[in-house]
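Engineer: When you get a sec, could you give me coordinates for this:
(2 chains)
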Amino acid sequence: MSRLRRLGPALVAPVLAVVVAVLISSAVMAALQVNPLKVFEVMVDFGETPSQQITALVVIVNRAIPLFLAGVAVAIAFRMGLFNIGVEGQYRLATIIAAAAGAAVSLPAPLHVVLIVVVAMLVAALWAGLVAVLKVTRGVSEVISSIMLNFVALGLASYLLTGPFRGSAPASNIVSTTVIPESGWVPSLNWIFDAVGLANPPRQLYGFLILAAVVGVAVSVLLNRTRFGYDLRASGMSPSAASASGVNASGMVVKTMLLSGAVAGLIGLPDLLGATHAYTTNFTAGMGFLGIAVALLGRNKPGGIAFAALLFAFLDRALVPLQIADFPASVVTIIQGTIVLAVVIANEVARRVTRRAAERGTAQAAPPTPGIGIDPPPGGPTDARQEVQA
Amino acid sequence: MSTVLTTPEAPGRRSVTTFFSGGGRARRLLWLIGGAVVVLAAVRLISGENDLTSSSTMSAALLLAVPIGLAALGGLFSERAGVVNIGLEGMMILGTWGAGWAGYQWGWEAALLGGVLFGALGGLLHALATVTFGVDHVISGVAINILAAGIVRFLSELLYTDNPAGGGVTQSPALSSKPPAVSLPILSSGPDLLGKVEQHHWFLISDVAGVLRGLTHEVGVLTVLAVLLIPASYLLLWRTAFGLRLRSCGENPWAADTLGVAVYRTKYIAVVISGALAGMGGVFLVFIAGIYRENQTGGRGFIGLAALIFGNWRPGGLAAGASLFGFSDALQLRSPSAVVALLLLVAVLLAVLAVTQALKGNVLQSVIAAVIAVVALIGFLTIDVLPPGIVSFTPHLTTLLVLSLASQRLRMPQADGLVYRRGES
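Structural biologist: Below is the predicted model:
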């Protein structure tokens, strides 16, 4: 029960936000003469045969993996009060360089994958580190510099793809890097379906799912169970208190951005190593911005982010069926955008409600105000109450 | 006492120094612009890139600077009232869509109105989230950017896919009328004296002529309006009671509240104006293309925000920032080879910086500037043409470089970005 009470406020806000977002988008659709009920019907329709249904689930999970990683990358910076809006550029640049590195070497299977992962993490971490260095040494706001570095990274990626890293034939429609040899692929997890006796779908469930779970647990442990995590969270909650207790603020900014970038480097890899095996012009884009939304919805905690990623992936899956059913597919984007706005507002309202409840609690606990002529003891309950109210 | 001693001694020296540094900010600004033109003219002569100061580059620079400037001006209103506005990009996107939608039906005047209105709606949403609900400003801005992109796609899908007037999922039908443009008589149209001088490619004279002709030949009405908005915003924000109240909300809302300023209402007004101006920047982009297209803004809202920071949250400064980014954008669009000439400009400017920093005794800064200057010079001497992918981010890289060189002396409004709740501190 106490556990439920502790989790209660944390759950209420996101659930409320999703409900509000669904209501608002329904109202928008209704106002524009689109039947919202039919749209939602298409969204939850996973097909008739078990194979189709499991395929739909695999599509959702595959999409949720990069979303989860993006959310974690953003959340690490958020927990310290930093805005890493540059995740988009970080992962795109990291993915193309990792794809080129993976195609250039041939190693035994596990090492090959490790090499690609390490290259991707390093590139993205360095790119994010640039933001941190500019902030610490030159006082440039990380919001502006990471946005600008996004453009630079995307420009660099397009240059690398059409220039030095081009592997496809000059006449081909889609430009891509050289395909990574099979030793650099991550095998799918489809054997699970056979093992538990479900229909084996034609879609491959990304093996990267396991790595994503490991990242989630590792980040959770790092943030909650280590000194570094404590310093990071303390810096986020009160920079002045943290630096007073001996936390090196500049060092924390650099370390946090490096860590955030390193996780961001993984975002492109599930698709790269599980499906496409090469970076192409139409490689999955926009994960960085969705990652911000997912992190906010998941309240910057790995568990919450996983749920948020699944929800967003579920919404994204509906894009194609909605188009087939001749509905405006961008309903999905509107729902996602409204969810973000609703969730931040709901978080804020929930925070204020809990705070007011806490204030009431303190007020009741405090003894009645002393009569005239008797000064309250300094630092007594009255002071505490004033502090809470201040 | 010192004045008594120095006045009789050095009248001559003093007159020279006042000639260069006296006369206040306006004179210094004039020197700065003059110096920039001289350096540009020299770089043009050395590199042979006539596009560097041609009137066509300059008019393109003006075209590209205006939307950035409008976004920055939008940011000015919002941030002076203490609300950080990352959502400028989203409001600009809404502005482009509103302009396209109203413009194809009722002409350019309606497009202007539609875009401004849509942008203002975006601003209202941001105000609702940040002022009423106290959401973190950056988060709300990011959410608005995501939402705006979704809304315009949704509306286009709904209204343009089966539209007999044309258009589709990513674009509107073309505007039904074009906004008029004006030129300066005699100098830039008719006899076109400036154009003739420019053709001769004389050092400095042709450069000045090119710059002036670019700024006065076939200028759209919205450009004129946007340029006039800069001094108008200055007057409104720094010379009226409303402006004082608005800025007091950005500096110290608690004090403003005790003096009877309606802080919430002022912030609302400021953020809605901010959205309207960003929307107008979007309208401008639609006017250039004559049509609404998806991704027309291309991150200009963000660059506008950078221009605002570069301009130290002041109208004149942000106009300078917008011009700089507009110029670098125009250069990359007009001629990729001229961007290489820009490297020479960077080298010269950084060399000057290195010398001034060395004179001040800042060894580290001086060395860093000198090293980058040498790298830029080597780049200029060895590179012929940059590939398009790299050229595309010239304005963004310029933004980043300028900010990293300048940002330490900047001062943002004291309470910018803080969530203000009445009665809480």
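
Engineer: Setting aside sequence neighbours, what's the nearest residue to the closest residue to chain B within the stretch 51-200 of chain A?
Structural biologist: Using Cβ to the nearest Cβ, the closest approach of the stretch 51-200 of chain A to chain B is made by A:Tyr159 at 2.9 Å. Heads up, the C-betas are built off the backbone N, CA and C, glycines and all. Spatial nearest neighbour of A:Tyr159, excluding adjacent residues (Cβ to Cβ, 6 or more residues apart in numbering or on different chains): B:Gly389 at 2.9 Å.

Engineer: and stretch B:211-220, average pLDDT?
Structural biologist: Averaged over stretch B:211-220, pLDDT sits at 73.

Engineer: Buried residues, that stretch. List them.
Structural biologist: For stretch B:211-220, the neighbour count (16 or more other Cβ atoms under 10 Å in any protein chain shown) marks B:211-217, B:219-220 as buried.

Engineer: And these, which is closest to chain A?
Structural biologist: B:Gly214 (25.5 Å).

Engineer: Skipping adjacent residues, who's closest to that closest one in space?
Structural biologist: Leaving out its chain neighbours, the residue that sits closest to B:Gly214 by Cβ to Cβ, 6+ apart is B:Met58, at 2.4 Å.

Engineer: Phi first, then psi, for that neighbour.
Structural biologist: Phi and psi for B:Met58, reported as degrees, to the nearest 10, are phi -70, psi -40.

Engineer: same thing with A:Arg203?
Structural biologist: According to degrees, to the nearest 10, A:Arg203 has phi -70, psi 150.

Engineer: so where's chain A uncertain?
Structural biologist: A:1-10, A:363-390 (pLDDT under 70).

Engineer: B:His217 is in contact with the residue nearest to B:Gly214, correct?
Structural biologist: No: contact criterion Cβ atoms under 8 Å: B:Met58 and B:His217 do not qualify, at 9.0 Å.

Engineer: ok, the spatially closest residue to A:Thr55 that is not a sequence neighbour - contacts?
Structural biologist: Using Cβ to Cβ, 6+ apart and skipping the chain neighbours, the partner closest in space to A:Thr55 is A:Pro201 (4.1 Å). By Cβ atoms under 8 Å, 6 or more residues apart in numbering or on different chains, the contact set of A:Pro201 is A:51, A:54-55, A:58, A:190, A:193.

Engineer: Just the pLDDT for the residue nearest to A:Tyr159.
Structural biologist: B:Gly389 carries a pLDDT value of 73.

Engineer: now the helices for the stretch 251-400 of chain B?
Structural biologist: Using DSSP state H, counting those that start in this stretch, the helices of the stretch 251-400 of chain B run over residues B:253-258, B:263-289, B:300-310, B:315-334, B:336-360, B:363-382, B:388-391, B:394-406.

Engineer: near chain A at all, the fourth one?
Structural biologist: No: using Cβ under 8 Å from any Cβ of the partner chain, helix B:315-334 never reaches chain A; the gap is at least 10.2 Å.

Engineer: now that helix and helix B:263-289, what's the angle there?
Structural biologist: 30 degrees (axes from the mean of the first three to the mean of the last three Cα atoms, to 10 degrees).

Engineer: and helix B:315-334 with helix B:300-310, angle?
Structural biologist: For helix B:315-334 against helix B:300-310, the angle by the same axes, to 10 degrees is 140 degrees.

Engineer: Just the buried residues of helix B:315-334, please?
Structural biologist: B:315, B:317-334.

Engineer: related to what we said a few turns ago, pull the contacting residues for the residue nearest to B:Gly214.
Structural biologist: By Cβ under 8 Å, 6+ apart, the neighbours of B:Met58 are B:210-211, B:213-215, B:330.

Engineer: And for A:Ile147?
Structural biologist: Applying Cβ under 8 Å, 6+ apart to A:Ile147 gives the contacts A:85-86, B:299, B:302.

Engineer: what about it, which SS state?
Structural biologist: helix (DSSP: H, G, I helix; E, B strand; the rest coil).

Engineer: for A:Gln33, same thing?
Structural biologist: Under three-state DSSP, the three-state class of A:Gln33 is coil.

Engineer: and it, how many residues sit next to it?
Structural biologist: A count of nearby residues for A:Gln33, using other Cβ atoms under 10 Å in any protein chain shown, gives 7.

Engineer: Also the one 4 residues further on?
Structural biologist: Residue crowding around A:Leu37 was assessed by other Cβ under 10 Å; the count is 9.

Engineer: Longest helix in chain A, please.
Structural biologist: Longest helix in chain A by number of residues (criterion: DSSP state H): helix A:331-365.

Engineer: Tell me how far A:Glu41 lies from A:Gly298.
Structural biologist: Look at A:Glu41 and A:Gly298: by Cβ to Cβ, to the nearest Å, they are 27 Å apart.

Engineer: Of these two, which one has the most company?
Structural biologist: Per other Cβ under 10 Å, whichever of A:Glu41 and A:Gly298 has more neighbours is A:Gly298, with 25 against 11.

Engineer: got the phi/psi numbers for that one?
Structural biologist: The phi/psi pair for A:Gly298 (degrees, to the nearest 10) reads phi -80, psi 10.

Engineer: so what's residue 81 up against?
Structural biologist: Just going to use chain A. Applying Cβ under 8 Å, 6+ apart, the residues near A:Gly81 are A:235-236, A:239.

Engineer: ah, I was thinking of chain B
Structural biologist: Applying Cβ under 8 Å, 6+ apart to B:Ala81 gives the contacts B:246-247, B:249-250, B:266-267, B:270-271.

Engineer: What residues does the stretch 1-150 of chain B have near chain A?
Structural biologist: B:86, B:125, B:129, B:133-136, B:138-140, B:142-150.

Engineer: so who does the spatially closest residue to B:Tyr264 that is not a sequence neighbour touch?
Structural biologist: Closest residue to B:Tyr264 apart from its sequence neighbours, by Cβ to Cβ, 6+ apart: B:Val131 at 5.6 Å. If you count contacts by Cβ under 8 Å, 6+ apart, B:Val131 has them with B:83, B:264, B:267-268, B:271, B:420.

Engineer: Isn't B:Val346 up against B:Ala376?
Structural biologist: Yes: B:Val346 is within contact range of B:Ala376, at 4.5 Å (criterion: Cβ under 8 Å).

Engineer: Around chain B, which positions in the stretch 151-300 of chain A sit nearby?
Structural biologist: Contacts of the stretch 151-300 of chain A with chain B, taken as Cβ under 8 Å from any Cβ, map to A:151-152, A:154-163, A:289-290, A:292-293, A:296.

Engineer: Restricted to buried residues, select the residues you listed in PyMOL.
Structural biologist: A single PyMOL command is used to select the members of these judged buried by 16+ other Cβ under 10 Å:
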select buried, chain A and resi 151+152+154+155+156+157+158+159+160+161+289+290+292+293+296
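
Engineer: Show only the entries of the residues of the stretch 151-300 of chain A next to chain B found in helices.
Structural biologist: Per DSSP H, these map to helices at A:151-152, A:154-162, A:289-290, A:292-293, A:296.

Engineer: among those residues, which two are most distant?
Structural biologist: A:Thr162 and A:Leu296 (34.9 Å; Cβ to Cβ).

Engineer: show me where chain B has strands.
Structural biologist: Shown for chain B, the strands assigned by DSSP state E span residues B:181-182, B:219-220.

Engineer: These into TSV, with extra columns for distance to chain A?
Structural biologist: Shown next, in TSV, are the strands of chain B (distance: least, Cβ to the nearest Cβ, whole Å):
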stretch	distance to chain A
strand B:181-182	30
strand B:219-220	26
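
Engineer: do you know which of those lies nearest B:Leu73?
Structural biologist: In terms of Cβ to Cβ, the element of these nearest to B:Leu73 is strand B:219-220, at 17.0 Å.

Engineer: counting contacts, what elements does the closest one pack onto?
Structural biologist: For strand B:219-220, the elements it packs on are strand B:181-182, judged by 3 or more Cβ pairs under 8 Å, 6 or more residues apart in numbering or on different chains; DSSP states H and E.
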